[in-house]
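Colleague: after the sequence you'll find the predicted model.
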Amino acid sequence: MGLIDFIFRKKRDKMKTSFDRVLPSNELINDRWEKAKYLNFGEGASIYDSSLVFGDVQVGKKTWIGPFTILDGSGGLIIGSNCSISAGVQIYSHDSVNWALTGDAGYEYEKTIIEDNCYIGPNTIIAKGVTVCQGSVIGANSFVNTDVPKNSKFAGNPARRI
């Protein structure tokens, strides 16, 4: 066994012993909190190494961004403090629908906002220009293409108030 294999196995064993979880190798060597600091996210925020981040993305304090997420800030994306962005969530601030349909129209950009204290369930997609207001919950596997009022629960495809 080489040195690199030894290091990975030690880190994997520590993760399993300490937290009862096994992660991909890249998640063992990359620190989620360091990546968040590198991206100038708020104090105590974390983001998995498998997350993709594009453009102008701002994230508040103590927000957790799970694995395999897409944060598209090409049109501006703000995520508040104390949010939980679950695994597989995709949040967009642009789309290419008109470009694809016409062959020459440009992409459309619009700021997307997730306010403080929101929970976004796994595999949710949030379209460009949507605001999810403070204290809201979005159910798993939802497609959100309309604003979500404060302290609301939305779910479905398209997402509706429940």
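Modeller: Structure's in. What do you need? Numbering: from 1, shown residues only.
Colleague: show me what contacts the spatially most distant residue from the centre of the chain?
Modeller: Residue farthest from the centre of the chain, counting by Cα atoms, centre = their mean, is residue 1 at 36.5 Å. By Cβ atoms under 8 Å, 6 or more residues apart in numbering, residue 1 lies in contact with residue 9. To be clear about C-beta, it is placed using only N, CA and C from the backbone, and glycine gets the same treatment.
Colleague: roughly how far apart are it and residue 10?
Modeller: In this view, residue 1 and residue 10 are 11 Å apart by Cβ to Cβ, to the nearest Å.
Colleague: go on, residue 38?
Modeller: For residue 38, the distance to residue 10 equals 25 Å [Cβ to Cβ].
Colleague: residue 33 now?
Modeller: Using Cβ to Cβ, one gets 20 Å for the distance from residue 33 to residue 10.
Colleague: what residues of the longest helix seen in the chain count as buried?
Modeller: Secondary structure of the chain per DSSP state H: the longest helix is helix 3-19. Neighbour counts over helix 3-19 (16 or more other Cβ atoms under 10 Å) mark residue 12 as buried.
Colleague: so which other helices or strands are in contact with that helix?
Modeller: In this structure, helix 3-19 packs against helix 25-29, with contacts taken as 3 or more Cβ pairs under 8 Å, 6 or more residues apart in numbering; DSSP states H and E.
Colleague: show residues contacting the least confident helix or strand in the chain by mean pLDDT.
Modeller: Using mean pLDDT, DSSP states H and E, helix 25-29 stands out as the lowest-scoring helix or strand of the chain, at a mean of 74. The set of residues external to helix 25-29 that reach it, using Cβ under 8 Å, 6+ apart, is 8, 11-12, 15, 48-50, 67.
Colleague: mind redoing it with 7 Å?
Modeller: With Cβ atoms under 7 Å, 6 or more residues apart in numbering as the contact definition, helix 25-29 has outside contacts at 8, 11-12, 15, 48-50.
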